[in-house]
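1. My questions are about this predicted structure, shown below with the sequence.
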Amino acid sequence: MCGIIGYIGQREAAPLLIEGLRRLEYRGYDSAGICVISDAGKFGIVREVGKIARLSEKLIKHPVKGTSGVGHTRWSTHGAPNHDNAHPHTDCTGGIVLVHNGIIENYLELKAQLLAKGHRFQSDTDTEVVAHLFEEQLFKVKKAQSSDAAILAVARAVLSKVKGSYALVVSANVWDGKIIGLRKECPLVAGKTQDEVFLASDIPALLPFTKEVVFIEDGEAVILKPGAHAPLYKLTGQAVRRDAVTVPWDNLMAAKGGHKHFMHKEIYDGPASFEDTLRGRIYDENIDALLRELGLNRSKVKGLGSINILGCGTAYYAGLVGEYIFEHFAGLRTHVEIASEFRYRERITGPGTLALAISQSGETADTLAAMKLLKARSGVTTAGIINQIGSTMTRTTGGTLYTRCGPEIGVASTKAFVAQLATLYLSAFAFGRVRGVLSAVEYKSLCDGLVHLSSSMRMALQRFEPLAKDLAARFQNAKGFLYLGRHVMYPVALEGALKLKEISYIHAEGYASGEMKHGPIALIDEQMPVFAFVPKSSSVYAKTASNLEEARARGAKIIAVASEGDKGIYKVADHVFESPKSMTEWFDPVIGVIAAQLFAYHVANLKGLDVDQPRNLAKSVTVE
Ligand code: F6R
């Protein structure tokens, strides 16, 4: 995800901006840039594709002098990772400079309006429209004012036109060196010393300079000024008083957002990853844009005969959830296969097959090889659900629907899984709408449900954490675990078992609960706890519950991920994660997996294991 830094002080800004950006490298990026504001108010912009080290080298050849400025690391979402798309961006006059983290959802519409008014664009980004909107607004006033009230009025007018999320840091050459920071749904934090003020998207960027920080909230603005002032306002103009807090973190802790491990942080990043992945791709008005990202259009989707999903590990399990939802909501025969199996057997693909790769890294050797095989077949269209921008797989598939969760550092995949589910819901619902399986009303109601899911995820995180910790203490010495689920919760059972084994080294099996009596029930005794997913909304709730009774009758301790208000579940379960109610059983995987992720995390943590880098595993499996 993009990183931001802003500075006004007395020291040369360029090295400071670079140092701040370096501290944000862990977020992942593909280009970087800074703008230094000279004492005469001139903007000196230097941008470079690739690593910050390259930007630093460029700055040696093209130094920019001044004691204030802004900097940015870009994780591409709109437009390729190239020089022109790198931030900072400017308007037609070059009098405005800005950096942005987030997504401007209505940028195409705004861009068309601005082009019609004669604006000239230099990039493919969504961000650049905001620079031109500032230009428009500044032109409206005869003589641009630099009072805080005037700057806020301009920002207010601009943002009233913008839909989406942002942390924006903007300066104009008529603002007497002031820099404004604006926030909606993307983090922004201000920092202060005796004679300097800073802005950043994240605390690590500030730690080399100060530990005194003020968190900016949604709908607020902060104006950095020479003389170490940084007053905070509501966008409406009303002053806000908020004391600075001292961050007790070292640099590594800061990168982990205060969590002990990256995995724990990334489990907590899940709701934001889910939201970011939906942004600008949901509801009727965005269906065409969504299909374009996948390299498809309406007529191609109507002509599809089947879908082949390929992936490995966690990505494969996300694909298994996809199989249920594509068949149900899009009426499309869907087959999911482990990429390493697909490679070495004959699979018949008919005309109108969509081959869909799922991968966090976009580099997994087996998935790549399987996609290459499919790409060579006639009648097959390829697309990817991928997290890593510019990865090899994105260049192999016809289109890429990016999961927008930023870099995942913990080896065990967590936030990528929920973002993969988000893309699968988005695509299945859109396909269903285009193919006439879903009515407009049904489609809209499913989209509403998706939008509300992230708040249920946040609630689940809060509720599940203490129980996951407690259960980890009780069960850390279990000899093995059986994970059970049915229907869409079956892949979640597989994923839950994978999480436990890969980081805690406890053997765990995931099973479709209906299969239990066909073999695994022989394993069950007091030493073999069962972790089961039994949401009340499930069409097979009663069947799963009776499978649990069978296990309990044989001495197994039962941990159930169930629904709030389900008193009956306590008759068959010893411990219950009470999930927030979900709109439909189809959304239960997104909530259920959180319980499994937290439980696995706490077991591994209690055992003192290397949670983020479990033995024998690599984050990106680039060999067969
Ligand atoms: C498990 C895990 C792995 C990956 C698998 C595929 O927590 O991380 O099972 O899911 O190696 O990796 P990607 O998604 O990068 O293709």
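-> Looks like it came in fine.
2. list the contacts for Ile180?
-> Ile180 makes contacts with Ile151, Leu152, Ala155, Leu168, Val169, Val170, Ser171, Ala221, Val222, Ile223, Leu224, as judged by CB atoms under 8 Å, 6 or more residues apart in numbering. Quick note: C-beta positions are derived from backbone N, CA and C, even for glycine.
3. The last one belongs to a helix, doesn't it?
-> No. Checked against DSSP: H, G, I helix; E, B strand; the rest coil, Leu224 lies outside a helix; its state is strand.
4. Bridged to it, which residues?
-> Taking DSSP bridges as the rule, Leu224 bridges to Ile179.
5. Could you check which residue of the stretch 401-550 of the chain lies nearest the ligand?
-> Nearest to the ligand, among the residues of the stretch 401-550 of the chain, is Ser413, at 3.4 Å (CB to the nearest ligand atom).
6. Next, give phi and psi for the residue nearest to that residue when sequence neighbours are not counted.
-> Of all residues not flanking Ser413 in the chain, Thr314 sits nearest, at 4.1 Å (CB to CB, 6 or more residues apart in numbering). Here is the backbone geometry of Thr314 (degrees, to the nearest 10): phi -60, psi -40.
7. Ignoring the adjacent residues along the chain, who's closest to Leu320?
-> Per CB to CB, 6+ apart, closest to Leu320 is Pro491, 3.7 Å.
8. ok, now Leu110?
-> In this structure, Leu110 finds its nearest non-sequential neighbour in Val129, 4.5 Å apart by CB to CB, 6+ apart.
9. again with His602
-> Ala472 (3.4 Å).
10. Tell me, how many residues neighbour the one you found?
-> 20 (other CB atoms under 10 Å).
11. Check Trp75 too.
-> By the criterion of other CB under 10 Å, Trp75 has 20 neighbours.
12. which residue does the stretch 501-624 of the chain bring closest to the ligand?
-> Val621 (4.8 Å).
13. where does the stretch 401-550 of the chain have low pLDDT?
-> Within the stretch 401-550 of the chain, not a single segment meets pLDDT under 70.
14. Same question for the chain.
-> The model of the chain has pLDDT under 70 over residues 1, 142, 144, 251, 622-624.
15. how about the residues of it near the ligand?
-> 312-315, 359-361, 364, 367, 412-413, 498, 502, 620-621 (CB under 6 Å from any ligand atom).
16. go with 8 Å
-> The chain comes close to the ligand at residues 311-316, 358-364, 367, 387-388, 393, 411-414, 416-417, 498-499, 502, 617, 619-621, as judged by CB under 8 Å from any ligand atom.
17. so what secondary structure elements neighbour the longest helix seen in the chain?
-> Ranked by number of residues, the top helix in the chain under DSSP state H is helix 440-475. Counting contacts by 3 or more CB pairs under 8 Å, 6 or more residues apart in numbering; DSSP states H and E, helix 440-475 is packed against helix 262-278, helix 415-434, strand 575-579, helix 588-606.
18. Mind listing the strands the following helix or strand past that helix pairs with, and their directions?
-> Next helix or strand after helix 440-475 toward the C-terminus (DSSP states H and E): strand 480-485. Sheet pairing here is set by DSSP bridges, and for strand 480-485 it gives strand 507-512 (parallel), strand 530-533 (parallel).
19. Check which residues of strand 480-485 are buried.
-> Phe481, Leu482, Tyr483, Leu484, Gly485 (16 or more other CB atoms under 10 Å).
20. Provide the contact partners of that strand at residue level.
-> Contacts of strand 480-485 (CB under 8 Å, 6+ apart): 475, 491-494, 496-497, 500, 506-513, 516, 520, 523-524, 527-533, 544, 547-548, 551, 556, 592, 596.
21. re the thing from before, adding mean neighbour count, write the strands paired with strand 480-485 out as TSV.
-> Listed next are the strands paired with strand 480-485 as TSV, based on neighbours: other CB atoms under 10 Å:
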stretch	mean neighbour count
strand 507-512	20
strand 530-533	29
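22. okay, these in a markdown table with distance to Gln238 next?
-> Converted to a markdown table, these look like this (distance: least, CB to CB, whole Å):
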| stretch | distance to Gln238 |
| --- | --- |
| strand 507-512 | 53 |
| strand 530-533 | 47 |
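23. Figure out which of those strands is closest to Asp574.
-> For Asp574, the closest of the strands paired with strand 480-485 is strand 530-533, at 9.5 Å, according to CB to CB.
24. Moving along the chain from that closest one, name the first helix or strand you hit.
-> helix 541-553.
25. Could you give the residue of this structure that lies closest to the ligand?
-> Distances between the chain and the ligand by CB to the nearest ligand atom are smallest at Gly313, namely 1.8 Å.
26. residue contacts, that residue?
-> By CB under 8 Å, 6+ apart, Gly313 lies in contact with Ser413, Leu498.
27. roughly how far apart are it and Tyr29?
-> 26 Å (CB to CB, to the nearest Å).
28. still on that earlier bit, so which of the contacts of Ile180 is the most crowded?
-> Val169 (30 neighbours).
29. Surely that one is within a strand?
-> Yes. Val169 forms part of a strand when assessed by three-state DSSP.
30. Roughly how far does it sit from Ile4?
-> Counting by CB to CB - Val169 and Ile4 are separated by 6 Å.
31. related to what we said a few turns ago, enumerate the positions of the longest helix of the chain that are buried.
-> 443-444, 446-447, 449-450, 453-454, 456-461, 463-465, 467-469, 471-472, 475.
32. The stretch 201-350 of the chain: helices as residue ranges?
-> 251-255, 262-278, 287-293, 298-302, 313-330, 339-342 (DSSP state H, counting those that start in this stretch).
33. For Lys42, give me its contacts.
-> Counting by CB under 8 Å, 6+ apart, Lys42 has contacts Gly66, Asn173.
34. Would you confirm that Ser513 contacts Lys543?
-> Yes. Ser513 is within contact range of Lys543, at 7.5 Å (criterion: CB atoms under 8 Å).
35. Looking at these two, which is more packed in?
-> Neighbours per residue (other CB under 10 Å) separate Ser513 from Lys543, with Ser513 holding more: 29 against 14.
36. what's the overlap in contacts for Val169 and Ile4?
-> Common neighbours of Val169 and Ile4 are listed as Val70, Val99, His100, Leu188, Leu199 (criterion: CB under 8 Å, 6+ apart).
37. Would you agree the last one is in contact with Gly9?
-> No. Between Leu199 and Gly9 no contact is recorded; they are 12.0 Å apart, counting by CB under 8 Å.
38. The two: which is more packed in?
-> Taking other CB under 10 Å, Leu199 and Gly9 do not tie; Leu199 has more neighbours (29 against 20).
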